[in-house]
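**Q** below are the sequence and a predicted model; questions follow.
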Amino acid sequence: MNDPRPIGLFDSGVGGLTVLREVWRRLPGESTIYVGDSARTPYGTRPESEVIAFSEEIADYLVARGAKAIVIACNTASAVALQALRRRHPTVPILGVVRPGATAAALATRTGHIGVLATKATVQSGAYFAAIKEESPAAVIEERAASELVPLIESGELDSPRLDAAIADLLAPLRSSSGGWRIDTLLLGCTHFPLIRAAIARGLGESVAVVDAAAAAAAGLADLVAVNRLDAPGSTRGTAADAGRLGHEAPAHVAVTPTREIFTTGDAAAVTALAARLFRSDELVAEHLDLSAPRHP
Ligand code: DGL
């Protein structure tokens, strides 16, 4: 309960910022380091071997920076690279977003008929299908590969007739012959997609619930931090490791101000401007990161 080291998060670009913001909301006392691999986005149309190699490179950086836990804030990398990263860094707890997303969808559905909108690589991995089936064996799951939406979002296109048309085309196969929806829940299986949630919800109408993994992943991280007793100094939050106690006292020493670093492998000014536009907030300021640069501890 006294570990000031940062939590590391990464994504192929700006999508994982949806998870980062949930982590800030849920764990405001924790320092974070976020890496968005904008120079190599998108991941969702790449072969598995490439997504694993890029994910390993970023995880190595985060571990070298002293990350006490890592959140893979990218469904594609979670689906494809989670086990490889856990094998590579066995002493660092690593959390993906697929399982929290699957749980959220299984809890939200009433009819058991769930749609998943994800990247091509995520759909091909079968990770969501397996994770939802584990939660809810009777679930009927229909997955749609929607990689073409990622570059639109990375270019800041959140609301346009072109986006609406692309969404309508992607969702059309989920309609029944009477024109209604076969699904009652759509899981946004890509961390970029909460940024176009309004356009997706508009395309679906009111009969389909839209869920994503960001809040569930942040809740999972909070549990992980608590159970492993990794809380930052000054945290006053009760933990699952404190069974039998009514919450717990703040540590006696003064809280350390958390640091919040955001890196991009791409153009820092462009990513900062994009994040300001996407999130209508100026708190997401990116710095450039060269992953190939030699590092001195
Ligand atoms: N945001 C990512 C995901 O959750 C990746 C999108 C991409 O790079 O294709 O899948």
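**A** Ah, there it is. Numbering: from 1, shown residues only.
**Q** for the rest of this, base every contact and every neighbour count on C-alpha atoms.
**A** Will do.
**Q** alongside the ligand, which residues does the protein contribute?
**A** Within reach of the ligand by Cα under 6 Å from any ligand atom, the chain has these residues: 11-12, 15-16, 41-44, 74-76, 119, 147, 150, 190-192.
**Q** out of those residues, which sit inside strands?
**A** Secondary structure assignment by DSSP state E places Asp11 of these in strands.
**Q** quick one: buried ones out of the residues of the chain next to the ligand?
**A** For the residues of the chain next to the ligand, burial is judged from neighbour counts taken by 16 or more other Cα atoms under 10 Å, and it is met by 11-12, 15-16, 41-44, 74-76, 119, 147, 150, 190-192.
**Q** break down the stretch 151-297 of the chain into its strands, ranges please.
**A** 185-189, 209-212, 260-264, 287-288 (DSSP state E, counting those that start in this stretch).
**Q** so which of the ones you listed comes closest to Val98?
**A** Taking Cα to Cα, strand 185-189 is the member of the strands of the stretch 151-297 of the chain nearest to Val98, at 7.5 Å.
**Q** dump that closest one to PDB, keeping only the CA atoms.
**A** Coordinates of the C-alpha atoms in strand 185-189 are reproduced here as PDB (Å, rounded to 0.1, in the frame of the first residue of the first chain):
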ATOM      1  CA  THR A 185     -26.100  -5.700 -26.800                       C
ATOM      2  CA  LEU A 186     -23.300  -4.400 -28.900                       C
ATOM      3  CA  LEU A 187     -19.800  -4.700 -27.300                       C
ATOM      4  CA  LEU A 188     -17.300  -2.100 -28.600                       C
ATOM      5  CA  GLY A 189     -14.300  -4.400 -28.800                       C
END
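**Q** now mean neighbour count and mean pLDDT too, for the strands of the stretch 151-297 of the chain, in TSV please.
**A** Below are the strands of the stretch 151-297 of the chain laid out as TSV (neighbours: other Cα atoms under 10 Å; pLDDT from 0 to 100):
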stretch	mean neighbour count	mean pLDDT
strand 185-189	26	97
strand 209-212	22	95
strand 260-264	21	97
strand 287-288	17	97
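**Q** among those strands, which is nearest Val35?
**A** Evaluated with Cα to Cα, these place strand 260-264 nearest to Val35, the distance being 4.8 Å.
**Q** for this structure, give me the ranges with low pLDDT.
**A** 1, 235-255, 296-297 (pLDDT under 70).
**Q** now the helices for it?
**A** Listed in chain order, the helices of the chain (DSSP state H) span residues 17-26, 48-64, 75-88, 98-108, 120-125, 127-135, 149-154, 161-171, 197-204, 214-227, 268-279.
**Q** adding distance to Thr32, write those helices out as JSON lines.
**A** JSON lines is the format used below for the helices of the chain (distance: least, Cα to Cα, whole Å):
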{"stretch": "helix 17-26", "distance to Thr32": "8"}
{"stretch": "helix 48-64", "distance to Thr32": "10"}
{"stretch": "helix 75-88", "distance to Thr32": "19"}
{"stretch": "helix 98-108", "distance to Thr32": "20"}
{"stretch": "helix 120-125", "distance to Thr32": "26"}
{"stretch": "helix 127-135", "distance to Thr32": "27"}
{"stretch": "helix 149-154", "distance to Thr32": "22"}
{"stretch": "helix 161-171", "distance to Thr32": "32"}
{"stretch": "helix 197-204", "distance to Thr32": "25"}
{"stretch": "helix 214-227", "distance to Thr32": "12"}
{"stretch": "helix 268-279", "distance to Thr32": "17"}
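**Q** how about these, which one is nearest Asp3?
**A** Where these are weighed against each other on Cα to Cα, the nearest is helix 214-227, at 9.7 Å.
**Q** residue most distant from the centroid, the chain?
**A** Most distant residue from the mean C-alpha position of the chain: Ser178, 34.9 Å away (Cα atoms, centre = their mean).
**Q** Pro93: neighbour count?
**A** Taking other Cα atoms under 10 Å as the neighbour definition, Pro93 ends up with a count of 17.
**Q** if I look at it, how far off is Val71?
**A** Applying Cα to Cα, to the nearest Å, the value for Pro93 to Val71 is 9 Å.
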